[in-house]
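Participant: okay, predicted coordinates and the sequence, questions at the end:
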Amino acid sequence: MKVLVVGAGALGGYFGGRLLEIGRDVTFLVRPRRAEQLRAHGLVVKSRKGDFHIPNPPRLLANELSGKNFDLILLSNKAYDLDAAMDDFSPAVGASTAILPLLNGMRHLDVMDARFGATHVLGGRCNIAATLGADGTVRHLNEIHDIIYGERDGTRTPRIAAIEALMQGVKFDARASAEILQEMWEKWVMLGTLAASNCLFRGAVGDVIAGGGGAAVMAMLDESIAIATSAGHPPRPAAAAAIRGNLSKAGSPFSASMLRDLEQGFRVESDHVVGDLIARAGELPVPMLRLAYAALKTYEVRKQREAK
């Protein structure tokens, strides 16, 4: 398969780099500054699972995509960059191109369905903690690095088989799922609660519990589960137990990347991870999620004011 990875940041650089590491046909779609970093220093990844360096990796700018054909587009950008990313990669979407988004939440599926048609868009989720340093180095911060993907109707198709072949031998965990929407909702329940509570209380899970916020976290989780249930995707018992355990573990350093972004003064995915979850609540009461969302929007308003 010919693969276009949109972005060579923390996620795209890591997963795309791992594919290049085993000789797959991968090209990065990047902006000029990142293109220059890759030209000058290559793709550098630091990971407990093995460091690697790929000199001068294949890359294109958006204005160089015309006439290029790709079988798979791996979408790794932040959700707030989705519109710009779609504009950039749209010339690469051919009649049989599959798009595999690794964004958080669910709203991006609706947006891409409207732009490209649902037949092009797979379901996908990833789990990894990674950052992109100012020098362009991708740093993998924990032991987890997985991608789960599948057709949204649960069928096994030739393109899913082709992606499985693409992933054979790669140095991260990858698997196809016949229940990808369910798995995406389960991640969203966990991440929505984690990001909302981390950013509201300005601390990791263990910090929030030690500070007396454990009951509030569990209230947010119950609200998130109620929203998923109303959408027809209640977390399965094992997933629900794992989520509850991860969000209530004393001393845990577990935190969402949104907290790191907020603490560094960066843009955050408030609307996509927390706001869209609330939008799908309908008449359900979700006061704790609304409180956390208000805190996130306050941060954004303040950043806008201070930037003037």
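Facilitator: Okay, I see it.
Participant: show me what the one helix or strand residue 216 maps to packs onto, helices and strands only.
Facilitator: Per DSSP states H and E: residue 216 is located in helix 214-230. When contacts are defined as 3 or more Cβ pairs under 8 Å, 6 or more residues apart in numbering; DSSP states H and E, helix 214-230 sits against helix 180-201, helix 205-210, helix 237-246, helix 276-279, helix 287-307. (Each C-beta comes from the backbone N, C-alpha and C, glycine too.)
Participant: identify the residues contacting the fourth one?
Facilitator: Around helix 276-279, the neighbours that count as contacts under Cβ atoms under 8 Å, 6 or more residues apart in numbering are 105, 106, 107, 188, 192, 224, 227, 286, 289, 290, 293.
Participant: mind checking how far the residue nearest to residue 171 when sequence neighbours are not counted is from residue 3?
Facilitator: Leaving aside its chain neighbours, residue 171 sits nearest to residue 18 (5.3 Å; criterion: Cβ to Cβ, 6 or more residues apart in numbering). According to Cβ to Cβ, to the nearest Å, residue 18 and residue 3 sit 12 Å apart.
Participant: related to what we said a few turns ago, closest to residue 159 among the contacts of helix 276-279?
Facilitator: residue 106 (21.2 Å; Cβ to Cβ).
Participant: so where do the helices sit in this structure?
Facilitator: Under the criterion DSSP state H, helices of the chain are mapped to 10-21, 32-41, 82-89, 107-116, 158-167, 180-201, 205-210, 214-230, 237-246, 257-263, 276-279, 287-307.
Participant: for residue 100, name its beta-bridge partners.
Facilitator: Per DSSP bridges, the residues bridged to residue 100 are residue 74.
Participant: returning to that earlier point: out of the helices and strands packed on helix 214-230, which gets nearest to residue 67?
Facilitator: Comparing the helices and strands packed on helix 214-230 by their distance to residue 67 (Cβ to Cβ), the top pick is helix 180-201, with 31.6 Å.
Participant: looking at the contacts of helix 276-279, which is nearest residue 116?
Facilitator: Closest approach to residue 116 among the contacts of helix 276-279 (Cβ to Cβ): residue 107, at 15.0 Å.
Participant: so which of the helices and strands packed on helix 214-230 gets nearest residue 255?
Facilitator: Here helix 180-201 is closest among the helices and strands packed on helix 214-230 (Cβ to Cβ), at 4.9 Å.
Participant: which strands and helices sit next to the closest one?
Facilitator: Judged by 3+ Cβ pairs under 8 Å, 6+ apart, the packing partners of helix 180-201 are strand 123-132, strand 138-150, helix 205-210, helix 214-230, helix 237-246, helix 257-263, helix 287-307.
Participant: one more time with 7 Å, if that's ok
Facilitator: strand 123-132, strand 138-150, helix 214-230, helix 237-246, helix 257-263, helix 287-307 (3 or more Cβ pairs under 7 Å, 6 or more residues apart in numbering; DSSP states H and E).
Participant: could those go into TSV alongside distance to residue 77, mean pLDDT and mean neighbour count?
Facilitator: Formatted as TSV, the helices and strands packed on helix 180-201 follow (distance: least, Cβ to Cβ, whole Å; pLDDT from 0 to 100; neighbours: other Cβ atoms under 10 Å):
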stretch	distance to residue 77	mean pLDDT	mean neighbour count
strand 123-132	12	94	20
strand 138-150	15	95	19
helix 214-230	24	98	19
helix 237-246	26	97	14
helix 257-263	13	94	19
helix 287-307	19	97	15
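Participant: residue contacts, the spatially closest residue to residue 9 that is not a sequence neighbour?
Facilitator: Excluding its sequence neighbours, the residue lying closest to residue 9 (Cβ to Cβ, 6+ apart) is residue 132, at 4.6 Å. Neighbour list for residue 132: 9, 10, 13, 138 [criterion: Cβ atoms under 7 Å, 6 or more residues apart in numbering].
Participant: what's the pLDDT at the first one?
Facilitator: Looking at residue 9, its pLDDT reads 94.
Participant: kindly report the same for the third one.
Facilitator: Confidence at residue 13, expressed as pLDDT, is 97.
Participant: surely it meets residue 43?
Facilitator: Yes - between residue 13 and residue 43 there is a contact at 6.0 Å, judged by Cβ atoms under 7 Å.
Participant: how far away is residue 297 from residue 200?
Facilitator: 12 Å.
Participant: what is the neighbour count of residue 185?
Facilitator: Using other Cβ atoms under 10 Å, residue 185 has 25 other residues around it.
Participant: wait, doesn't it sit right on residue 227?
Facilitator: No - using Cβ under 7 Å, residue 185 is not in contact with residue 227, being 9.2 Å away.
Participant: what's the closest non-adjacent residue to the spatially most central residue of the chain?
Facilitator: Residue closest to the mean C-alpha point of the chain, counted by Cα atoms, centre = their mean, is residue 103 at 3.6 Å. Nearest non-adjacent residue to residue 103, counting by Cβ to Cβ, 6+ apart: residue 79, 4.9 Å away.
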